[in-house]
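Participant: Following is a predicted model, sequence given first.
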Amino acid sequence: MCPRRPRARPRRSTPPGPARAPIPERTVPAVSATSEQVAAAVADWTRSLGEDGVVTDPQAIARTVENTSRFRVRQVVAVLTPRTTEQVQALVRTAREHRVPLYPYSTGRNWGMGSKMPVRDGCALVDLGRLDAIREVDERYHYAVVEPGVTQRRLSAYLRERGLRLQLNVTGSTPDSSVVGNLVERGTGFRNHRTEDLRGAEVVLGTGELLRTGFWAEAKQPRETHHYRYGIGPHLDGLFTQSGLGLMTAAVVNLIPVQEETRMLMFSFAETELSRVMDRISELYKDGTLRWITHVFNDKRVLTMTSEERVATWTGIGAVDGSLAQVEFTSGQIRAALEECGARVAFVDREAAFAEDADPMVRGMYRLHTGEPDTVFMEGLYHTLGSESGIEGEVTELDELDHSRFGMLACLPIFPLEGEQVTEAMGIVERVCARHGLVAAVALNPIDSTCAESVINVYFDRTDEEAAGRAQRCVRTLHRELYAAGFRFYRVDIENMGQLAELDPELWAGADALKAAFDPDHIIAPGRYSRL
Ligand SMILES: Cc1cc2nc3c(=O)[nH]c(=O)nc-3n(C[C@H](O)[C@H](O)[C@H](O)COP(=O)(O)OP(=O)(O)OC[C@H]3O[C@@H](n4cnc5c(N)ncnc54)[C@H](O)[C@@H]3O)c2cc1C
C-alpha cells in the first residue's frame, strides 16, 4: 500500500566516536610559481608539445575561461594541448619541476560547475581533448577503452555503425561532452551513475608516473583484463574521480547490453503527492522492480522542453527493459504502484517516441534512455531566454554556451530517498529561491532505494549584472541552508567548493593524505575536491 500519511522518522542515535585531533587549516602551502618559473615551464612545454601545443596569448586564454556561470576569472598562465599519454607525463614533470599547477579537463563542458576555469589562480590548463582514441570495444564483455577526447556522440555512433548490441549510458549534456570527463567529475547518465560505469583507469599521477588500475596494471596480461573490475588488492578506481590525484588518460567504460524490448516510463503528479511518490519509488528499487535511474523534473524544467503549454508540477521518466514478457510484467507493477500514489502513468515504446506527432521532449528522452545523446536539454536552456531558434546573436552552436547570454548555476545535493525528507528539502529550495526572486529548475533523480541526486539550477541573463549577482548569492545560500538542515552534496562548483571545505574540514582529511601520496607537490587541480 502507498502510505497516505507522512510517518515520523525514528531518530537515529549515534554513539560518540573517539576524540579527534584538530584538523590543521592546511597542511602544505599552495603551489605558486614566480614569473621566471612560469617562463621556464612554458619553454619546456613548448619543447615537448610543440608550438601549437602551448597557448599563452591572453585573449585566447580569456576566451577559453569564459563561463556560463560568470564565475570570477582566475589568472591562467597557459593552455596546453598534449596528443599522447607520454606528452601528458612530460608536461606534468615540467609542471612539478617549475612548481606551476595544472588544471586538466577533457572537453571542458562542465557547465554550471566552472566550465574550464580552475579553482585557484596561476594554473596552466591541460586540454586533454586531443587524446581522442577509442582504443578498444569488446562486445562479449561489454566495455570500451576510451581516451578523454572521446565524446558521447562518437562512442554511441561507433556502437551503432558496427551494429553492436551495446549502448552507452548517456547524459543529458551535449552529445559533444566527454565520456571520461563526466566520469571523472562523477556525473550521472540516464541509466546509471557514471562512476558505476568505470571498470579501469589509466592515470598520470602528480609525479609524472603512469598508473593503471586492476588487472590492467599487470605487465603480464591475463587471458581477460577487464572482465573483473576490482583486480586484486586495493580497489583504486574511485580514487581518481572527484580527486585531483591524477590526469586520466584513458578509462574502461561499461556498456549496457541492449535488450529485446525497451520502454520509457513517464509519470506525472501534483506537488501534494511528492512525498508518497518518492517513498514508493524507493520501494520499487528495493524489490528490484526498478533497475535504472529515475529522473523526476519540476514544471519549470519540463516547460523548456515540451510543446505542451501546461504540465503537472512533477514529471518522472525512466527506462524498463528486458524480454517482452519481462517488460510487460514490470510495467504493470510500476503502473499499479504509482497510480496508487495519485500519479498518471504511461509507457512509451520506440514507435510512439518517433511518431510524427510525438512531443519533442518525449522523443529526446527516449533517445537518451536508449543510448543516443540528444540536444533536448541544451535547446531547452536557450528557450528560457525566449530565443525561439535555440541560438541567437553571435552564438551559432548550442555548445557555445560559455559565450552566450545564457547564465546558469547549479546546486547539487544528495537526498535520502524518503518522501518526508525530500519534501522538506524542496521547501528549503523554494524559500531560498523566492527570497532571491528566482524559481529553480529542479531534477530529483532517485538512483536506488536509498538516495536521490538532485540538480537545482538557477538561470539568469549574463548581460544583467544585478541578476548574475543575485543568482550567485542564491546558490551560495542554498548550499549553506541545505547544509545547515543536515543535507549534503554529491558534486560542487568551483566557487562553492571553498565553502564546503570550510563547513567541514574533517571531511577532507582523508583526501589530504591521498594527495600527499599521489600528488606530493599539489600540482594537479589545486582546490578542486580538495582543501589543498
Ligand atoms: C543542459 C545540460 C544538461 C546536463 N546534463 C547532465 C547530465 O545529465 N549528467 C551530468 O552528469 N551532467 C550534466 N550536465 C553537466 C555537464 O555538462 C556534464 O557533466 C559534462 O559531461 C561535463 O563536461 P565534460 O564532459 O566536458 O567534462 P570536463 O569539463 O572535461 O571535465 C569535468 C571536470 O572533471 C575533471 N577532469 C575532466 N577530465 C579529466 C581528466 N581526463 N583527468 C583529470 N581530471 C579531469 C576536471 O576537473 C573538469 O573540470 C549538463 C549540463 C547542461 C548545461
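Facilitator: It's in.

Participant: how far is stretch 403-416 from where the chain is centred?
Facilitator: Averaged C-alpha coordinates place stretch 403-416 at 11 Å from its chain's average position (CA atoms, centre = their mean, to the nearest Å).

Participant: same question, stretch 418-438
Facilitator: In terms of CA atoms, centre = their mean, the centre of stretch 418-438 is found 22 Å from the chain centre.

Participant: Next: stretch 442-452.
Facilitator: On CA atoms, centre = their mean, the centre of stretch 442-452 falls 14 Å from the chain's centre.

Participant: count of neighbours near the residue nearest to Leu131 when sequence neighbours are not counted?
Facilitator: Closest residue in space to Leu131, ignoring its immediate chain neighbours: Glu147 at 4.1 Å, by CB to CB, 6 or more residues apart in numbering. Where C-beta positions appear, they are placed from N, C-alpha and C, glycine not excepted. The local packing of Glu147 (other CB atoms under 10 Å) involves 24 other residues.

Participant: cool, Ala352 as well?
Facilitator: Applying the criterion other CB under 10 Å, we find 15 residues in the vicinity of Ala352.

Participant: Quick check on it: phi, psi?
Facilitator: For Ala352, the backbone dihedrals are phi -70, psi -40 (criterion: degrees, to the nearest 10).

Participant: got a list of what it touches?
Facilitator: Ala352 makes contacts with 358, 362, as judged by CB atoms under 8 Å, 6 or more residues apart in numbering.

Participant: at 7 Å instead, please
Facilitator: Contacts were defined as CB atoms under 7 Å, 6 or more residues apart in numbering; by that measure Ala352 touches Ala358.

Participant: Please tell me how far Gln326 sits from the ligand.
Facilitator: Gln326 sits 26 Å away from the ligand, going by CB to the nearest ligand atom, to the nearest Å.

Participant: near the ligand, which residues of this protein?
Facilitator: Listed as neighbours of the ligand in the chain under the rule CB under 6 Å from any ligand atom: 104-111, 128, 148, 171-173, 177-178, 180-182, 184-185, 187-188, 247-248, 377-378, 381, 525, 528.

Participant: Return the subset of the residues you listed lying in strands.
Facilitator: Among these, the members found in strands (DSSP state E) are 104-105, 247-248.

Participant: just those residues now: which is nearest Val76?
Facilitator: For Val76, the closest of these turns out to be Tyr105, at 11.9 Å, with distances computed as CB to CB.

Participant: How about the closest one: what's its closest non-neighbour residue?
Facilitator: Lys116 is the one closest to Tyr105 (CB to CB, 6+ apart), at 5.4 Å.

Participant: Quick check: that neighbour vs Ala471, distance?
Facilitator: Lys116 is 20 Å from Ala471, where distance means CB to CB, to the nearest Å.

Participant: Tell me which of these two has more neighbours.
Facilitator: A direct count of neighbours by other CB under 10 Å for Lys116 and Ala471 places Ala471 higher, at 26 against 21.

Participant: neighbours around the residue lying closest to that one once chain neighbours are set aside, how many?
Facilitator: Of all residues beyond its chain neighbours, the one nearest Ala471 is Phe460 (4.2 Å), with distances taken as CB to CB, 6+ apart. When neighbours are counted by other CB under 10 Å, Phe460 registers 25.

Participant: Give me the secondary structure label for Phe460.
Facilitator: Remark: Phe460 carries the secondary structure label strand [criterion: DSSP: H, G, I helix; E, B strand; the rest coil].

Participant: Could you list everything it pairs with in the sheet?
Facilitator: For Phe460, the beta-bridge partners under DSSP bridges are Gly407.

Participant: Distance of it relative to the ligand?
Facilitator: Separation of Phe460 from the ligand (CB to the nearest ligand atom) stands at 14 Å.
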